[in-house]
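**Student:** Model the structure of this input:
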Amino acid sequence: MASSRKEVLLVFPGRYKAPDPQVPLALLHLAAALQRDGYVPRICDMRLQDYRSFRIGEPVFVGVSCMSGPQIGYGLEFARKVRAENPRAPLVWGGVHPTLLPEQTAASALVDVVVRGEGELVVGPLADRLAAGAPLDDVSGLTFEHDGAICSTPDADLIDLDTISPALPYDLLDLERYPTLQAGRVHLQTSRGCPSRCGFCYNTGFNQRKWRGKSAERVVAEMQYLLRRFPHVKIVDPVDDNFFVNRQRVADICTGLLDGGVKVAWRANCRFDYLAGYDGEFVSLLEKAGCMELDFGGESGSRRMQEFVCKDVTSDEILRSVASLRRWAPSIDPFVSWLSGLPGETYADMEKTFDLMDEMARANPRTQHYGIFLYTPFPSPLLASLPPEFRPPQSLEEWAAIEVFHFEPPWHSKAYVEKLRAISAVTRYAFLPRSRIAEHGAAFRAAYGLMNRAARYRWRHRYFGFPVELELANAAARRLRGFL
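**Tutor:** Below you'll find the model as predicted:
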């Protein structure tokens, strides 16, 4: 039996009893790497387990993975529990936020080591040094405090994605408690990174605008494995930032699925400038191979706002894309997300977004929208362009206080922000994708049906004032909110 000193505790921060938690793929990747190096990983998913009664034990280290925003706050809660119950256990933070701000993260009293970037090739050597009480200087990809100064080792090598086994240690999780998986949607990762320069995106810093993907053969084999592992699955959902960077790879994946007789629906993230340039043969191939949904960032119908966030997509490309799907792949639904509340934005800019959304519906009636969401300033190149009214957070605690979708931009008037909140609520209730509604229970569907009718009336008449029913619904949603 393995010694307890071979244990490593991995934590996914989130609100206990969050309504729709997703399987934490990133932690499964780290757990698999630790197992290969002889360690015994445990996972605490705070959304499913009450961390207050969780046993810390005597792990080699406790790993906390987080994004910016409230997830940091939950991670800090768990870190305080570790400090109180086992102050000897090193606290290792990783993920998007610690990677983008490693020195600031490492300065926290609740952080001993930061793992920058990908962790698969780092966690094993790190565990070896910590277990032996040895210096960390020769482990790449780390930032930590030493003799009162913050030190960083060179960046770690990038892992060959094809070497990651599809047989992740799912047995470490209570799979029956993940509703989306139980409903028949399974996630996988076929690539990492994105070459685009969107100013609000973490990718420019985390992946340095680089992209790499698993081979087409490996992607097909992994989908086949997942269908054997989870025979009830109806939809395979790649969590890639940009699935379509290599067009030939996508074509080969589609051909491999067809040749292998793999019959499953799947979705992927795409860009409008990509899709606008694809010919009918390629778009039709996506549909034949089982693609049922493509997700896009539309961001804004205003050219001025598009240029501000460096989206590099035009309204013409957006309209040509949805029209192309209608013509060549009529069963594929385009799903779109939009931004509001950017510095310098006017209501006239918002009206251009409204008009573009309506034009898209005429070009392709199957177009669906996740909503128009208030911009939240997380670490990205856009931070440098924000007005002086906004002071970037200077600690983990301050970053934890910035709440996704509920940030109040200080560069706009309170009245304008309230209007944007109403617009955001209307679009979420008016356009929530049908497939997402179907994954919820009867009570949710019934309540949503009522909200949907009211929101669609508001949208048609561009009436966003006095959203009493929306505020009540949002209050209920906030009580349930957790990280997915």
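**Student:** Check which residues of stretch 407-416 are buried.
**Tutor:** By neighbour count with 16 or more other Cβ atoms under 10 Å, stretch 407-416 contains the buried residues Phe407, Pro409, Trp411, His412, Tyr416. The way it works is simple: take the backbone N, C-alpha and C, and place the C-beta from them, glycine included.
**Student:** list the helices and strands the helix or strand containing Asp252 packs on?
**Tutor:** Using DSSP states H and E, Asp252 sits in helix 247-259. Counting contacts by 3 or more Cβ pairs under 8 Å, 6 or more residues apart in numbering; DSSP states H and E, helix 247-259 is packed against helix 216-229, helix 280-288.
**Student:** What mean pLDDT does the first one get?
**Tutor:** For helix 216-229, mean pLDDT is 98.
**Student:** try the shortest one
**Tutor:** Confidence for helix 280-288, expressed as mean pLDDT, is 98.
**Student:** residues touching Leu294, list them.
**Tutor:** Arg267, Ala268, Asn269, Cys270, Leu275, Leu286, Leu325, Ile332, Asp333, Pro334, Phe335 (Cβ atoms under 8 Å, 6 or more residues apart in numbering).
**Student:** now swap in Trp338 and tell me
**Tutor:** So Trp338 contacts Gly298, Glu299, Ser300, Thr353, Met357, His369, Gly371, Ile372, Phe373, Thr427 (Cβ under 8 Å, 6+ apart).
**Student:** Excluding residues flanking it in the chain, which one is nearest it?
**Tutor:** Counting by Cβ to Cβ, 6 or more residues apart in numbering, Trp338 lies nearest to Ile372, which is 4.2 Å off, once chain neighbours are set aside.
**Student:** So which bits of the helix holding Asp252 are buried?
**Tutor:** So, applying 16+ other Cβ under 10 Å, buried residues of helix 247-259: Arg249, Val250, Ala251, Asp252, Ile253, Cys254, Gly256, Leu257.
**Student:** got the angle for the helix or strand following it vs helix 247-259?
**Tutor:** As assigned by DSSP H and E, the chain's next helix or strand after helix 247-259 is strand 265-269. Per axes from the mean of the first three to the mean of the last three Cα atoms, to 10 degrees, the angle that strand 265-269 makes with helix 247-259 is 170 degrees.
**Student:** Could you tell me how many residues sit around Cys194?
**Tutor:** 23 (other Cβ atoms under 10 Å).
**Student:** these two touch, right, it and Phe243?
**Tutor:** No. In this structure Cys194 lies outside contact range of Phe243 using Cβ atoms under 8 Å: 9.8 Å.
**Student:** which neighbours do these two share?
**Tutor:** Among the neighbours of Cys194, none is also in contact with Phe243 (Cβ under 8 Å, 6+ apart).
**Student:** mind listing what's buried in the helix or strand harbouring Asp349?
**Tutor:** Using DSSP H and E, Asp349 sits in helix 347-363. Buried residues in helix 347-363, counting neighbours by 16+ other Cβ under 10 Å, are found at Asp349, Met350, Lys352, Thr353, Phe354, Leu356, Met357, Glu359, Met360, Ala363.
**Student:** Equivalent analysis for stretch 127-144, please.
**Tutor:** Neighbour-count burial for stretch 127-144 [16+ other Cβ under 10 Å]: Ala127, Arg129, Leu130, Ala131, Leu136, Val139, Ser140, Gly141, Leu142, Thr143, Phe144.
**Student:** Distance-wise, check the residue nearest to Arg326 when sequence neighbours are not counted relative to Asn242.
**Tutor:** Nearest non-adjacent residue to Arg326, counting by Cβ to Cβ, 6+ apart: Asn364, 4.1 Å away. Asn364 sits 22 Å away from Asn242, going by Cβ to Cβ, to the nearest Å.
**Student:** and if you look at Ala401?
**Tutor:** 30 Å.
**Student:** what's the helix or strand where Leu325 lies in contact with?
**Tutor:** Assigned by DSSP H and E, Leu325 belongs to helix 315-328. Outside of helix 315-328, the residues within contact range by Cβ under 8 Å, 6+ apart are 272-273, 275-276, 278, 280, 283-284, 287, 294, 296, 298, 301, 303, 332, 334, 356, 359-360, 363-367.
**Student:** between that helix and helix 280-288, what angle do the directions make?
**Tutor:** 60 degrees.
**Student:** The helix or strand that helix 315-328 is followed by vs helix 347-363, what angle?
**Tutor:** Counting by DSSP H and E, the next helix or strand C-terminal to helix 315-328 is strand 333-340. With the same axes, to 10 degrees as the basis, strand 333-340 and helix 347-363 are set at 180 degrees to each other.
**Student:** For strand 333-340, which strands pair with it and how are they oriented?
**Tutor:** strand 291-299 (parallel), strand 368-374 (parallel) (DSSP bridges).
**Student:** Among the contacts of helix 315-328, the buried ones, what's the ChimeraX command?
**Tutor:** Here is the ChimeraX command that selects the buried residues among those (16+ other Cβ under 10 Å):
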select :272,273,275,276,278,283,284,287,294,296,298,301,332,334,356,359,360,363,364,366,367
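**Student:** Now do stretch 356-368, average pLDDT.
**Tutor:** According to the model, stretch 356-368 has a mean pLDDT of 96.
**Student:** Going forward, count from 45.
**Tutor:** New numbering, starting at 45: the last item is stretch 400-412.
**Student:** what's next to it, contact-wise?
**Tutor:** 342, 345, 359, 362-363, 366-367, 369-370, 374, 376-380, 382, 413, 475, 477-478.
**Student:** sorry, back to before: which of the helices and strands packed on helix 291-303 is buried the deepest?
**Tutor:** Scoring the helices and strands packed on helix 291-303 by mean neighbour count under mean count of other Cβ atoms under 10 Å gives helix 260-273 as the most buried, with a mean of 18.
**Student:** rewinding a little: filter the contacts of stretch 400-412 to the buried ones?
**Tutor:** Neighbour-count burial (16+ other Cβ under 10 Å) applied to the contacts of stretch 400-412 gives 342, 345, 359, 362-363, 366-367, 369-370, 376-380, 382, 413, 475, 477.
**Student:** Distance from stretch 179-195 to the middle of the chain?
**Tutor:** 29 Å (Cα atoms, centre = their mean, to the nearest Å).
**Student:** Regarding it, how distant is the last residue from the first?
**Tutor:** 12 Å (Cα to Cα, to the nearest Å).
**Student:** Could you count how many residues lie near Glu462?
**Tutor:** Glu462 has 15 nearby residues by other Cβ under 10 Å.
**Student:** for the helix or strand where it lies, packing partners?
**Tutor:** Assigned by DSSP H and E, Glu462 belongs to helix 458-475. In terms of contacts (3+ Cβ pairs under 8 Å, 6+ apart), helix 458-475 is packed against strand 377-384, helix 391-407, strand 412-418, helix 486-505, helix 512-524.
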